[in-house]
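Asks: Make a model of this:
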Amino acid sequence: MVKIRLQRFGTTKRPFYRIVAAEASKKRDGRYLEIVGLYDPTKKPAFVEIDREKALKWLSVGAQPTDTVKSLFSKDGINAEYAESKKNK
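Replies: Next up, the predicted model:
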């Protein structure tokens, strides 16, 4: 099972994250399949950069986003776009 989740980078109290597609059995910072985007919550406002095409591709093949990634996708409109494309099929 593939999950779309955050992979932590940065130093103590200065985190930033990659949004990656990874096997659910792999460690949080372990091997991943593809980088989908970046998320930096330390910036004001938080920096979010998501590759829409990659995100939609992984969602269409059944990857499950974690709660945090799902909220980031919702703010960027990716969940709505995926639901629309799924409804049109």
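Asks: Residue 57 in helix, strand or coil?
Replies: Following DSSP: H, G, I helix; E, B strand; the rest coil, the label given to residue 57 is helix.
Asks: So for it, what's the pLDDT?
Replies: As predicted, residue 57 sits at a pLDDT of 94.
Asks: likewise residue 28?
Replies: 86.
Asks: show me where this protein has strands.
Replies: Using DSSP state E, the strands assigned to the chain run over residues 2-11, 14-23, 34-40, 47-50, 64-65.
Asks: Tabulate those strands in JSON lines, adding columns for mean neighbour count and mean pLDDT.
Replies: For every residue, glycine as well, the C-beta is placed using N, CA and C. Output for these, formatted as JSON lines (neighbours: other C-beta atoms under 10 Å; pLDDT from 0 to 100):
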{"stretch": "strand 2-11", "mean neighbour count": "16", "mean pLDDT": "95"}
{"stretch": "strand 14-23", "mean neighbour count": "18", "mean pLDDT": "95"}
{"stretch": "strand 34-40", "mean neighbour count": "18", "mean pLDDT": "96"}
{"stretch": "strand 47-50", "mean neighbour count": "15", "mean pLDDT": "95"}
{"stretch": "strand 64-65", "mean neighbour count": "18", "mean pLDDT": "95"}
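Asks: wait, which of these is closest to residue 81?
Replies: Evaluated over the strands of the chain, closeness to residue 81 peaks at strand 47-50, with 11.3 Å, by C-beta to C-beta.
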